[in-house]
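[1] sequence and predicted structure, then a few things I'm wondering about:
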Amino acid sequence: MKILFLADVQSIYTRGFVDHLVKNNVLVFIFDPEKLTLFDSSLQPIQTFSRPSPILDRIPRIGYLLKMTRLRRVYRCLNDDYDICHVHYVVPFYSDMAKILHGLGDALIVSIWGSDFYKRSTRDRFRLIRLFDEADIITFCDETTRRNFLEFYGDCYDKKTGIYDYGLAPLNQIERERARDPGWLKEYFGLDSEAYVVTVGSGASANHNHQRIIDVLGPIHHRLSPQVIFLFPLTYGNEDYKKRIIPLIKQSGLKAKIFSDYLSETDVARLRLVTDIQITMQDTDQMSGAMLEHIFAGSLVITGDWLPYQTLLEKGLDLIRLSSIEDLGVCLPEVIDSLACFKDARSKNRAIIQKLYSWESNILNWIDLYKSLI
């Protein structure tokens with residue numbers, strides 16, 4: 001099979017997906033719509049196209065039409081007898097070239113990742129109908145998102161939707177690092193071997209609600225064990241946000257360590273393994289990869305009950321769910337005081353993540369889907 005991905009080439013999901021398809025003798029090419037570059041399966045660039053002039057973005061309507069004329073030419077150049085064109089993450093302008101995308105392969109798969117549905121305006125959602133009409137199948141990571149999609153668009157798409165999930169490549173790295181001594185791992189990050197480690201969020205984004213969490217935990221820091229240390233991974237995201245939030249962390253009274261520079265995949269795996277508790281209180285999320293990695297590494301996860309993790313709960317995963325960020329002030333001290341008991345009660349979580357999110361468990365489902373379409 002010969003597959004064309006329209007995807008972010010830097011995404012760990014894209015890289016993991018491609019690696020495991022190649023291992024199963026599937027030929028894959030990736031076109032990154034942001035970079036306007038075609039890559040081979042080893043993620044080496046093959047062809048780069050010039051971008052439409054940014055001046056066009058300043059010209060209402062006519063500028064967009066001229067920009068789309070240029071982009072249509074670019075996408076038509078990608079036609080190279082692919083069996084399947086597979087769109088990962090839906091962007092509104094795809095609606096204006098839906099037939100071209102279908103023409104890039106014998107079949108068109110559109111995979112909705114989550115925020116590309118939930119964060120779209122009503123106007124953009126309706127624009128995308130042309131793309132969904134053109135698709136042979138529309139895939140989702142979980143039943144909740146599929147159900148919300150059908151509630152908005154109607155059951156006319158029911159027969160062309162399906163649940164197909166992704167693996168998490170970092171699980172393999174975490175498993176390799178698990179063999180190391182826990183004390184050594186903590187010392188590697190300059191942490192006391194007896195420290196209770198609480199990791200807050202996973203990136204420099206207002207969506208992670210760092211300020212609200214600090215506002216709750218800062219005033220109660222004296223009630224926490226002096227062995228508690230908070231880690232703030234801010235290695236990716238918005239630089240302006242990072243500059244604003246770091247001083248707040250330092251002034252909070254919390255014993256904290258901030259990661260603001262790049263971390264290797266090995267260091268990220270080690271960071272998951274040293275974490276006793278991870279706090280994930282985002283405003284919106286489909287399925288946080290960082291959260292799943294933490295669970296696999298053995299961390300307890302405290303999260304908001306407003307986040308759409310129902311699929312995980314139905315699979316038996318046990319999360320500590322709060323109805324508001326303010327509830328952290330009561331919950332966190334209780335969890336730290338009985339950490340061993342909380343962890344023991346959720347010891348099954350790791351095996352559930354292994355079954356649901358290893359690439360070995362998911363890749364054959366995708367290959368079977370591809371075969372059914374060609």
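    Good, I have the coordinates.
[2] over to stretch 170-189 now: how far is its first residue from its last?
    Taking CA to CA, to the nearest Å, the first and last residues of stretch 170-189 lie 19 Å apart.
[3] list the buried residues of it.
    170-174, 177-178, 185-186, 189 (16 or more other CB atoms under 10 Å). Just so you know, the C-beta spots here come from the backbone N, C-alpha and C atoms, and that holds for glycine as well.
[4] what's the average pLDDT for that stretch?
    Taken as a whole, stretch 170-189 carries a mean pLDDT of 94.
[5] still on that earlier bit, how about CSV for the buried residues of stretch 170-189, with secondary structure added?
    Shown next, in CSV, are the buried residues of stretch 170-189 (DSSP: H, G, I helix; E, B strand; the rest coil):
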residue, secondary structure
170, helix
171, helix
172, helix
173, helix
174, helix
177, helix
178, coil
185, helix
186, helix
189, coil
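[6] in these, find the pair that's most separated.
    Pairwise distances among those were taken by CB to CB; the largest, 22.1 Å, belongs to 172 and 186.
[7] quick one, domains of the protein?
    The chain resolves into domains spanning 2-167+359-373, 170-357 when parsed by automatic domain parsing.
[8] pLDDT on the first one, on average?
    Taken as a whole, domain 2-167+359-373 has an average pLDDT of 92.
[9] chain center to it, what's the gap?
    From the chain centre to the centre of domain 2-167+359-373 is a distance of 16 Å (CA atoms, centre = their mean, to the nearest Å).
[10] quick one: which of the buried residues of stretch 170-189 is nearest residue 272?
    Out of the buried residues of stretch 170-189, the member with the shortest distance to residue 272 (by CB to CB) is residue 174, at 5.7 Å.
[11] residue 320 versus that closest one, what's the distance?
    Here residue 174 is placed at a distance of 21 Å from residue 320 (CB to CB, to the nearest Å).
[12] again, but for residue 101
    42 Å.
[13] neighbour count winner among these two?
    Taking other CB atoms under 10 Å, residue 101 and residue 320 do not tie; residue 101 has more neighbours (21 against 17).
[14] which residues are contacting the helix or strand containing that one?
    In the assignment (DSSP states H and E), residue 101 maps to helix 98-103. When contacts are defined by CB atoms under 8 Å, 6 or more residues apart in numbering, helix 98-103 is touched by residues 6, 72, 75-76, 79, 85, 87, 94, 108, 130-131, 133-135.
[15] among these, which are located in strands?
    By the criterion of DSSP state E, membership of those in strands covers 6, 85, 87, 108.
[16] before we move on, back to that, next, format the buried residues of stretch 170-189 as a markdown table and append distance to residue 345.
    Below are the buried residues of stretch 170-189 laid out as a markdown table (distance: CB to CB, whole Å):
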| residue | distance to residue 345 |
| --- | --- |
| 170 | 25 |
| 171 | 22 |
| 172 | 27 |
| 173 | 27 |
| 174 | 21 |
| 177 | 25 |
| 178 | 21 |
| 185 | 24 |
| 186 | 24 |
| 189 | 27 |
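[17] beta partners of the closest residue to residue 10 other than its chain neighbours?
    Leaving aside its sequence neighbours, residue 10 sits nearest to residue 32 (CB to CB, 6 or more residues apart in numbering; 8.0 Å). With DSSP bridges as the criterion, residue 32 is bridged to residue 37.
[18] right, and residue 32 touches residue 4 too?
    No - when contacts are counted by CB atoms under 8 Å, residue 32 is not listed as touching residue 4 (11.7 Å).
[19] more neighbours: those two, which one.
    Higher neighbour count among residue 32 and residue 4: residue 4, with 24 against 20, using other CB under 10 Å.
[20] for stretch 181-201, how far is the first residue from the last?
    So stretch 181-201: terminal residues 25 Å apart, CA to CA.
[21] how near is the nearest residue to residue 116 once chain neighbours are set aside to residue 295?
    Nearest residue to residue 116 in three dimensions, chain neighbours excluded: residue 90, at 4.4 Å (CB to CB, 6+ apart). Separation of residue 90 from residue 295 (CB to CB): 28 Å.
[22] what of residue 25?
    32 Å.
[23] count of neighbours near residue 325?
    17.
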